[in-house]
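Asks: With the input below, show me the fold.
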Amino acid sequence: MTDLSELRFFATPPHPCSYLPGESATTVFLDPAAPLDQARYSALSRLGFRRSGVHLYRPHCSQCTACIPLRVVAEAFRPHRRHRRVLKRNADLTFREVPARATDEHYALYARYITERHRDGDMYPPTRDQFESFLLSAWAEPRCLELRLGPRLLGAAITDRLDDGLAAVYTYFDPDEKDRSLGTFAILNQLAWCRRESLPYLYLGYWIRRADKMRYKHEYQPCELRLGERWVSLGRPQGATP
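Replies: Okay, here's the model as predicted:
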């Protein structure tokens, strides 16, 4: 059992919520000076924390519990009809797992994605420093699942290894290829990656029912939601074909 008792945490002042218009948010961060390794990162992930660059955080809003940590049970997951269509649509792509690096090729794709898909978000306008500080971390040693059509980079999923699974940190892709559903394709391949390495869970971050961009996560079932102090199963009958 990893000891977390000596870790210090700090709360931000209330600020506008990034996901729910009109709501106020408070975020708890782990002390940036705290020594981190995979064991501590994994233990904090099981408590609902996420990584942004070198920082670990989780929502801690006094009046709202909309952000619910979600993880998919990788071995039990079976793609339903829409997922199978996405896999077929992208059968011409190759993918590989490589160390996450801030190359010119990756930054150019990230900048296009943020500019065309998230112009109204906190990460616009994109910069090279923002790209590196948001996605990379020396202590986490993130990996990258590259999606390519021949030599052309179409998508990238930044992924961290945990003791009990993978954490899907962020995915960016070519905005001109929206018909491919590359975000879904990346998650399906991350789940396959979990199964190849006998890792129980894929951590997908926060499920937010009232936010269009965050609602999709519970379609990957069976999954577990962290409600209060425990993980609660949410699944569908095996053999069902939605």
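
Asks: C-alpha from now on. contacts and neighbour counts both.
Replies: Will do.

Asks: The lengthiest strand in the chain pairs with which strands?
Replies: When the chain is parsed with DSSP state E, its longest strand is strand 152-162. Using DSSP bridges, strand 152-162 pairs in its sheet with strand 143-149 (antiparallel), strand 165-173 (antiparallel).

Asks: so can I have JSON lines of these showing distance to Y110 and mean pLDDT?
Replies: Listed next are the strands paired with strand 152-162 as JSON lines, based on distance: least, C-alpha to C-alpha, whole Å; pLDDT from 0 to 100:
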{"stretch": "strand 143-149", "distance to Y110": "13", "mean pLDDT": "98"}
{"stretch": "strand 165-173", "distance to Y110": "6", "mean pLDDT": "98"}
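
Asks: Just name the most buried of these.
Replies: Most buried of the strands paired with strand 152-162, by mean neighbour count (mean count of other C-alpha atoms under 10 Å): strand 165-173, with a mean of 23.

Asks: and the one helix or strand A111 maps to, what's its mean pLDDT?
Replies: Taking DSSP states H and E as the definition, A111 sits inside helix 104-117. Across helix 104-117, pLDDT averages out at 97.

Asks: Not counting it itself, show me its contacts.
Replies: Helix 104-117 has contacts (C-alpha atoms under 8 Å, 6 or more residues apart in numbering) with 123-128, 131, 153-156, 172-175.

Asks: change it to 10 Å
Replies: 100-102, 118-128, 131-132, 146, 152-156, 171-176 (C-alpha atoms under 10 Å, 6 or more residues apart in numbering).

Asks: Select only the buried ones of those residues in ChimeraX?
Replies: Selection of buried members from the contacts of helix 104-117 for ChimeraX, criterion 16 or more other C-alpha atoms under 10 Å:
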select :100,101,102,126,131,132,146,153,154,155,156,171,172,173,174,175
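
Asks: Mind jotting down where the strands sit in the protein?
Replies: 9-11, 15-16, 24-25, 27-30, 50-52, 55-59, 68-73, 94-99, 143-149, 152-162, 165-173, 201-207, 223-227, 230-234.

Asks: Put the alpha carbons of the longest one into PDB.
Replies: Spelled out, it's strand 152-162. The C-alpha coordinates for strand 152-162 follow below in PDB (Å, rounded to 0.1, in the frame of the first residue of the first chain):
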ATOM      1  CA  ARG A 152       1.200  11.000 -42.400                       C
ATOM      2  CA  LEU A 153       0.400  11.600 -38.800                       C
ATOM      3  CA  LEU A 154      -3.400  11.700 -38.300                       C
ATOM      4  CA  GLY A 155      -3.700  11.400 -34.600                       C
ATOM      5  CA  ALA A 156      -1.800  11.000 -31.300                       C
ATOM      6  CA  ALA A 157      -3.000   9.800 -27.900                       C
ATOM      7  CA  ILE A 158      -0.800  10.800 -24.900                       C
ATOM      8  CA  THR A 159      -1.000   7.800 -22.500                       C
ATOM      9  CA  ASP A 160       0.500   7.200 -19.000                       C
ATOM     10  CA  ARG A 161       1.300   3.800 -17.600                       C
ATOM     11  CA  LEU A 162      -0.100   3.100 -14.100                       C
END
